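Engineer: generate coordinates for the sequence data below:
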Amino acid sequence: MIDLAPELIAFLLAAAVAAGFIDAIAGGGGLITLPALLAAGVNPVSALGTNKVQSSFGTAMATWSYWKAGRINFTLLRWPLVATFAGAGLGTSAVMVIDSSWLMIVLPGLLIAIAMYFLFGPKASDEDAQARMTPVTYSLIAGAIGFYDGFFGPGTGSFFALSLVTLMGMGLTRATAHTKALNLASNAVSVAVFALGGQVLWALGLTMAAGQVLGGWLGSKAAMRFGPRLIRPLLVIICLAMVARLLVDPENPLRIWLAALLG
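Structural biologist: Just a heads-up that it's a prediction; the model follows:
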């Protein structure tokens, strides 16, 4: 573990609690913890690995909390979970040989579309609708999203939530609960890869994990209590925040293209 002052560790722990809360409801907690780790002086690769480890604990707590409350049907998710795990493994392998910069151009548009769907589309409620796919067929979608998570990552929770609502006919709170279980499967692959590569600061990651567990528990309870009234606006906010985060990157090809077009 790098030598950090107690107040800096306290700051990272607080960031983990906030991120765990947000992650349990809408995903995107990395928008809080990753910049916090970088600000603390952790090198970028180790920050990614440490962030993935600590966030996995929050996702695991949220998954357990939703399951205990009867919101997750693991029998229904059996094949989608397998497909997500396999897809994440393939995506993690592919990122080593395929240029992912094109995603920096496509992703902002996809995230804006998701935000607009939840903002202006059919009102997402807690009522289940008729599923358009069987769990086995949905496994193809889950595997593709898992591949994306292993390959790139930002917005994975939003993609899972949208697909579960529109394709599996789940109410928004139920979709959010199942999203956490699928996220946990894809996270497991990333954690293994970062750990094998020696890119995890375990002491710091496990310290932050305590905050993630607390935040994940609080967030899942809030989501189940307030349902779509809380989940919908947070999904919109997180999607748009991720768009802003992507476009603020000076290396983003879309930002470079827009700057050249406007100036």
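Engineer: who does the helix or strand V136 falls within touch, helix- and strand-wise?
Structural biologist: Using DSSP states H and E, V136 maps to helix 135-151. With contacts defined as 3 or more Cβ pairs under 8 Å, 6 or more residues apart in numbering; DSSP states H and E, the packing partners of helix 135-151 are helix 78-94, helix 156-166, helix 172-196. The C-beta positions use only the backbone N, C-alpha and C, and glycine is treated the same way.
Engineer: in the stretch 1-150 of the chain, what spans have low per-residue confidence?
Structural biologist: Counting by pLDDT under 70, the stretch 1-150 of the chain contains low-confidence ranges at 1-2, 100, 124.
Engineer: please redo it, this time with the cut-off set to 90
Structural biologist: Scanning the stretch 1-150 of the chain for pLDDT under 90 picks out 1-9, 26-31, 34-35, 38-49, 51-52, 91-111, 114-115, 117-129, 148-150.
Engineer: the helices in it, which residues?
Structural biologist: 6-25, 30-39, 44-68, 78-94, 103-120, 135-151 (DSSP state H, counting those that start in this stretch).
Engineer: can I get these in JSON lines with distance to K221 and mean neighbour count?
Structural biologist: Shown next, in JSON lines, are the helices of the stretch 1-150 of the chain (distance: least, Cβ to Cβ, whole Å; neighbours: other Cβ atoms under 10 Å):
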{"stretch": "helix 6-25", "distance to K221": "9", "mean neighbour count": "21"}
{"stretch": "helix 30-39", "distance to K221": "19", "mean neighbour count": "20"}
{"stretch": "helix 44-68", "distance to K221": "7", "mean neighbour count": "23"}
{"stretch": "helix 78-94", "distance to K221": "24", "mean neighbour count": "21"}
{"stretch": "helix 103-120", "distance to K221": "22", "mean neighbour count": "17"}
{"stretch": "helix 135-151", "distance to K221": "25", "mean neighbour count": "21"}
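Engineer: could I get those helices in TSV, plus columns for distance to A129?
Structural biologist: Converted to TSV, those look like this (distance: least, Cβ to Cβ, whole Å):
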stretch	distance to A129
helix 6-25	21
helix 30-39	30
helix 44-68	20
helix 78-94	18
helix 103-120	15
helix 135-151	14
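Engineer: still on that earlier bit, touching the helix holding V136 from outside, list them.
Structural biologist: Here helix 135-151 makes contact (Cβ atoms under 8 Å, 6 or more residues apart in numbering) with 76-95, 98, 100, 103, 133, 156, 159-160, 163, 167-168, 182-183, 185-187, 189-190.
Engineer: tell me the mean pLDDT for the helix or strand where V243 lies?
Structural biologist: For V243, the host element (DSSP H and E) is helix 228-247. Helix 228-247 shows a mean pLDDT of 89.
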